[in-house]
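> coords below, sequence missing:
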């Protein structure tokens, strides 16, 4: 019998052809998978954008006027009131039950309580992500359901627990608080947030890329960017939504000066996890199972020797145990 014979040159040529054929085919397979994934994401996004919001402006809704004050000894900020607010999440018993308290202009109010007590719900109602089932949330004496959502949210600045940063320059991420801001305004906000020196020390300065979700920045640096962004917006109301709970104690203390600058002559609502950060608040509201169970200053609540005092003792004990383990 005869056998086909392939010399070395033919063998090498065939292998080169096979490699040249499979390389683009493998690339095509990768691109195809990416296209399919993107198509599914696009369909999900279109469905999300097509959903109608349950919270809509009334036909005669007007813009809420910002009244910062500051003249004739009047404190700047806004008057915020929660009046007998009841709220329940769909298919859940969790919510608020007749919550009432007020935030005077230019003062700091802290909301504390155990997990599920209703702290985060307070912030969501203030932004009008939900409407109360009963009662009202008012800003400067106006029910926020009677004005446009946009005007309400323009009056509020927020520093969240997990700061959302874009994969862009640090300049872009800070200027997002006010897109029309001048460079002088941006630098002033960064200086007040205690981050200007850090930015100037970077090799690329303001043009430094922060990475996806700010992965090139530390937790404290990301929070300072969020504070600078909020300062640039210059809102009459500031919401600190557990802004330092994800930071270690040393980092938390280092950015406290920036937080104090943010709260200067503004109405501040602090949703607090660490009670050590709100000892100087003008008012502390203690929530339990969706109800206000105590209201007062740090010292007055300690003298009551009730829920707030128990929380302070528990956190102090936990901190001491951590220090002993660290040593």
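All right, it came through fine. Note that the coordinates shown come from a computational prediction; the quantities given were computed from them, not determined experimentally.

> show the pLDDT at residue 29.
pLDDT recorded at residue 29 is 82.

> ok, now the one 10 residues further on?
In the predicted model, residue 39 carries a pLDDT score of 93.

> how about the secondary structure of it?
helix (DSSP: H, G, I helix; E, B strand; the rest coil).

> so how far is the helix or strand encompassing residue 222 from its chain's centroid?
Residue 222 is located in helix 219-233, with elements delineated by DSSP states H and E. In terms of CA atoms, centre = their mean, to the nearest Å, the centre of helix 219-233 is set 10 Å apart from its chain centre.

> residues contacting it, please?
Helix 219-233 is contacted by residues 157-160, 163, 165, 170, 173-178, 181, 185-186, 189-190, 192-195, 198, 210, 214, 217, 238, 243-244, 246-247, 251, 254-255, 258-259, 261-262 when judged by CB atoms under 8 Å, 6 or more residues apart in numbering. Any C-beta I mention is one placed from the backbone N, CA and C, and that applies to glycine too.

> kindly report the same for stretch 87-97.
85-86, 116, 118, 121-122, 125, 130, 132-133, 289-291.

> lowest-confidence one in the residues you listed?
residue 116 (78).

> of the contacts of helix 219-233, which belong to helices?
170, 173-175, 185-186, 189-190, 192, 198, 251, 254, 258-259, 261-262 (DSSP state H).

> just the buried ones from those residues, in PyMOL syntax?
Remark: buried members of the ones in helices among the contacts of helix 219-233, expressed as a PyMOL selection using 16 or more other CB atoms under 10 Å:
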select buried, resi 170+173+174+175+185+186+189+190+192+198+251+258+259+261+262
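
> all strands for the stretch 201-327 of the chain, in order.
Ranges of strands within the stretch 201-327 of the chain are 237-241, 267-271, 283-288, 291-296, based on DSSP state E, counting those that start in this stretch.

> want to try TSV for these, with distance to residue 137 and mean neighbour count as columns?
As requested, the strands of the stretch 201-327 of the chain are arranged in TSV below (distance: least, CB to CB, whole Å; neighbours: other CB atoms under 10 Å):
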stretch	distance to residue 137	mean neighbour count
strand 237-241	12	23
strand 267-271	11	24
strand 283-288	14	21
strand 291-296	14	16
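
> where does the prediction get shaky in the stretch 151-300 of the chain?
Under the criterion pLDDT under 70, the flagged ranges of the stretch 151-300 of the chain are 243-255.

> still on that earlier bit, ok, so of the contacts of stretch 87-97, who is nearest residue 205?
Closest to residue 205 out of the contacts of stretch 87-97 is residue 122 (39.1 Å), distances taken as CB to CB.

> hang on, the earlier thing: export the contacts of stretch 87-97 to CSV and tack on distance to residue 63?
Putting the contacts of stretch 87-97 into CSV (distance: CB to CB, whole Å) gives the following:
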residue, distance to residue 63
85, 23
86, 27
116, 35
118, 29
121, 26
122, 24
125, 20
130, 21
132, 21
133, 26
289, 36
290, 32
291, 33
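
> just the buried ones from the residues you listed?
The buried subset of those (16+ other CB under 10 Å) comprises 85, 118, 121-122, 125, 130, 132, 290.

> which SS class is the closest residue to residue 291 other than its chain neighbours?
Closest residue in space to residue 291, ignoring its immediate chain neighbours: residue 97 at 5.0 Å, by CB to CB, 6 or more residues apart in numbering. Of the three states, residue 97 takes strand according to three-state DSSP.

> measure residue 97 to residue 155 for me?
27 Å (CB to CB, to the nearest Å).

> which one of the two has more residues nearby?
residue 155 (24 against 16; other CB atoms under 10 Å).

> contact partners for the more buried one?
64, 66, 78, 139, 235-237.

> now tabulate the strands of the stretch 201-327 of the chain in CSV and tack on distance to residue 91.
Shown next, in CSV, are those (distance: least, CB to CB, whole Å):
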stretch, distance to residue 91
strand 237-241, 24
strand 267-271, 24
strand 283-288, 22
strand 291-296, 21
